[in-house]
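Colleague: Have a look at this prediction, sequence included:
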Amino acid sequence: MLALIMLAILAVLIPNRDTSASTVLNAAAATANSGLSACNASQGKALYNCVADVLERVANDVNSVRVGETQRALLTAASQLRAASSKAQALSAITQCQAAIAGALRQVKATPGGNMMVPGWGDDGLASIAGVLARAARMIQAKG
């Protein structure tokens, strides 16, 4: 009985990785939205590079929760944005990243309760990252 009580207490003391990932992803998204506001003054290639900087920062900010697939998708998009020479290429980079994040969100929502940890992706904080990508796509569409 004492062992069960000790296990229950220990379980309460161990931080919830889902909550931690959500908090980190949401904070990274908030920082990214501020960064995108700074990009608003740019156009064309300068805009693509600015958005790429923002996505790289998000990838670095989420490093602590080890969401490797999210990081790879963001870094790939950033790399493709830097290489983009047209609005179509820049939008394609964002769209591919959005597709990867949307796939992970579908997996999360398909689980009972909608809160299963998807290995390598994180949790509901992905919705915040998806919002950042949608805003970046709108900016590129309008100013690219």
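Modeller: Yep, that arrived. Numbers count the residues shown, from 1 in each chain.
Colleague: Quick one: the helices in this structure, in order.
Modeller: Remark: helices assigned in the chain by DSSP state H are 2-13, 17-39, 44-61, 68-83, 87-109, 126-143.
Colleague: In the chain, where is pLDDT below threshold?
Modeller: 1-19, 107-124 (pLDDT under 70).
Colleague: Need the residue closest to the centroid of it.
Modeller: In the chain, the centroid-proximal residue (C-alpha atoms, centre = their mean) is residue 129; its distance is 3.6 Å.
Colleague: Assess the claim that that residue and residue 30 are in contact.
Modeller: No. Residue 129 lies out of contact with residue 30 (C-beta atoms under 8 Å); the separation is 10.9 Å. The C-beta positions use only the backbone N, C-alpha and C, and glycine is treated the same way.
Colleague: In contact with the residue nearest to residue 64 when sequence neighbours are not counted, which residues?
Modeller: Excluding its sequence neighbours, the residue lying closest to residue 64 (C-beta to C-beta, 6 or more residues apart in numbering) is residue 24, at 6.0 Å. When contacts are counted by C-beta atoms under 8 Å, 6 or more residues apart in numbering, residue 24 is found next to 61, 62, 64, 65, 125.
Colleague: Swap in 7 Å and give it another go.
Modeller: Listed by C-beta atoms under 7 Å, 6 or more residues apart in numbering, the contact set of residue 24 reads 62, 64, 65, 125.
Colleague: how near is it to residue 86?
Modeller: 34 Å (C-beta to C-beta, to the nearest Å).
Colleague: and if you look at residue 97?
Modeller: With C-beta to C-beta as the criterion, residue 97 and residue 86 are 17 Å apart.
Colleague: And those two? Which one has more around it.
Modeller: Set side by side, residue 97 and residue 86 show more neighbours around residue 97, with 27 against 12, by other C-beta atoms under 10 Å.
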